[in-house]
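[1] Show me the folded form of this:
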Amino acid sequence: MQAPVRAPGVDVVLDEIHHRYAGATAVESVSLDIPAGELVALLGPSGCGKTTLLRIVAGLLRQTGGAVRIGAEVVDALPTNERGAGIVFQNYALFPHMTVEANVGYGLRARGVAAGEVRRTAAEMLAMVRMDAFGKRYPRELSGGQQQRVALARTLAVRPRVLLLDEPFAALDKNLRLDMQIEIKRIQRELGITTLLVTHDQDEAMSMADRIAVMNAGRVEQFDTPEAIYDRPATLFVATFIGTANMLNGRLSLIGERGFAVACDGGGSLALARPAPCSRVGNVVVAARPEHLALGAPADDALPATVEMVLPLGPSLVYELSMANGSTVKVTQPRNAELHRYAAGDRVGVRLRPGSPAGVFAG
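    Numbering: from 1, shown residues only. Next up is the predicted model:
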């Protein structure tokens, strides 16, 4: 069988998109520039506006302000079927009375494509999603993951310029979800198709996306690579929404010409190589990942704490510590013979690991 046709990827640009309804703001001033062939995840909690934004790109909603460009064309005046955007919904939306093969070829038949070409393309798409042995079956005879593959094949059969995925893994169990994430990433890379993925699952976004737009209350709080979002969160919301972070309240002060330190409410201080994204002296919140902290002997340049619990977790140890003000902090370190292993009740000093980032935000 011939390799599938690789459609040239196109840029997608969202320019100051607004969408308001019933007096509330669903999307407020969202601008994204997505290069051809990139997979971008819209990530955020329920109600943040990510699905609204996807539906605007698809043409299922008309925004109240701003513009959508796909390739070189502003598509705001075009109906859904003329935008070149293919969408895979959470519920798959397969026709139960049609075979798998007929479902995949439906969009082509609707466009008047010759029957022979429809059959050839349907077979090609089913082979791509590894469902070529299931063409004569009906959706009711398939598992959830198999139905999702068919829905993806049907969307790709019409050669969309942009692929839109709306919570595509939500109905799958954990193991099958991972398999489908790998499969869709493989197909997306193989075709070079520009893709927009809506998800509330941060692990999904972090593993699949080239870049992530973290959304909150209708706005994009940060648009960057997964690594940058995890290590260098731009806002306190991003720091707390992505991964696990210890929140330490204190007061930022300047030490010398370029150094900073935070005197924490629970006693002691943290030395900082950089206070980004906040460098204003005053009350701040430090967001430090558990792996960015280290344990040692109590000292003036460390935060005093008491070990409450030690949990072995694979190759790591997770320490839960209590601070002088009653708050708790989690620290992880590798489980090896080179590092001292502390026990419950030990008094320790908590520092930032050399070179580890820590987000510092205005308090």
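
[2] Could you break the protein into its assigned domains?
    As recorded under automatic domain parsing, the domains making up the chain are 12-236, 245-362.

[3] The longest one spans what distance, first to last residue?
    Right, domain 12-236. Using C-alpha to C-alpha, to the nearest Å, the end-to-end distance of domain 12-236 comes to 28 Å.

[4] Show me the shaky parts of the protein.
    1-8, 22-25, 256-258, 273-279, 337 (pLDDT under 70).

[5] In TSV, list the domains of the chain along with mean neighbour count.
    Glycine gets a C-beta too; all of them are placed from N, C-alpha and C. Shown next, in TSV, are the domains of the chain (neighbours: other C-beta atoms under 10 Å):
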stretch	mean neighbour count
domain 12-236	18
domain 245-362	16
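
[6] before we move on, which element is residue 117 in?
    Taking DSSP states H and E as the criterion, residue 117 maps to helix 115-128.

[7] Now do that helix: everything it contacts.
    1-2, 4, 100-101, 104-105, 108-109, 113, 132, 134-135, 150, 153-154, 156-157, 187, 190 (C-beta atoms under 8 Å, 6 or more residues apart in numbering).

[8] ok, 10 Å please
    The contact list for helix 115-128 (C-beta atoms under 10 Å, 6 or more residues apart in numbering) reads 1-5, 99-109, 111, 113-114, 131-135, 149-150, 152-159, 183, 186-187, 190-191.

[9] how far does that helix sit from the chain's center?
    32 Å (C-alpha atoms, centre = their mean, to the nearest Å).

[10] after it, next one along is what?
    helix 144-157.

[11] Strands of the stretch 51-200 of the chain, residue ranges please.
    Secondary structure of the stretch 51-200 of the chain (DSSP state E, counting those that start in this stretch): strands located at 65-70, 73-74, 85-88, 162-166, 194-199.

[12] now do the stretch 201-350 of the chain
    Counting by DSSP E, counting those that start in this stretch, the stretch 201-350 of the chain has strands at residues 211-216, 219-224, 246-255, 259-264, 269-272, 282-288, 293-296, 303-313, 316-323, 328-334, 347-352.

[13] With distance to residue 145 as added columns, please give these in a markdown table.
    As requested, those are exported to a markdown table (distance: least, C-beta to C-beta, whole Å):
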| stretch | distance to residue 145 |
| --- | --- |
| strand 211-216 | 24 |
| strand 219-224 | 30 |
| strand 246-255 | 37 |
| strand 259-264 | 48 |
| strand 269-272 | 46 |
| strand 282-288 | 37 |
| strand 293-296 | 39 |
| strand 303-313 | 29 |
| strand 316-323 | 31 |
| strand 328-334 | 33 |
| strand 347-352 | 43 |
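
[14] Of those strands, which is nearest residue 71?
    Closest approach to residue 71 among the strands of the stretch 201-350 of the chain (C-beta to C-beta): strand 211-216, 19.1 Å.

[15] And stretch 43-58, how far out from the chain middle?
    Here stretch 43-58 is found 13 Å from its chain centre; the criterion is C-alpha atoms, centre = their mean.

[16] just use 19 as the starting number from now, easier for me
    Okay, using 19 as the starting number, the last item reads as stretch 61-76.

[17] Pull the contacting residues for the closest residue to residue 143 other than its chain neighbours.
    Nearest non-adjacent residue to residue 143, counting by C-beta to C-beta, 6 or more residues apart in numbering: residue 171, 3.9 Å away. By C-beta under 10 Å, 6+ apart, residue 171 lies in contact with 106, 118-119, 121-123, 139-140, 142-150, 205.

[18] Which residues are in contact with the residue nearest the centre of the chain?
    Centre of the chain computed as the mean C-alpha position; nearest residue by C-alpha atoms, centre = their mean is residue 223, 2.7 Å away. Taking C-beta under 10 Å, 6+ apart, we find residue 223 in contact with 57-62, 215-217, 229-232, 244, 247, 260.

[19] Then residue 328?
    335, 336, 337, 338, 359, 360, 361, 362, 364.

[20] still on that earlier bit, what's the angle from the helix holding residue 135 to helix 162-175?
    130 degrees (axes from the mean of the first three to the mean of the last three C-alpha atoms, to 10 degrees).

[21] CA atoms only: put helix 133-146 into CSV for me.
    Only the C-alpha atoms of helix 133-146 are listed here, as CSV (Å, rounded to 0.1, in the frame of the first residue of the first chain):
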residue,chain,number,x,y,z
ALA,A,133,-16.3,5.6,-5.2
GLY,A,134,-13.0,4.0,-6.1
GLU,A,135,-11.0,6.9,-4.6
VAL,A,136,-13.2,6.8,-1.5
ARG,A,137,-12.4,3.0,-1.0
ARG,A,138,-8.7,3.6,-1.6
THR,A,139,-8.4,6.5,0.8
ALA,A,140,-10.5,4.7,3.5
ALA,A,141,-8.2,1.7,3.3
GLU,A,142,-5.1,3.9,3.4
MET,A,143,-6.4,5.8,6.5
LEU,A,144,-7.4,2.6,8.3
ALA,A,145,-3.9,1.2,7.7
MET,A,146,-2.4,4.3,9.1
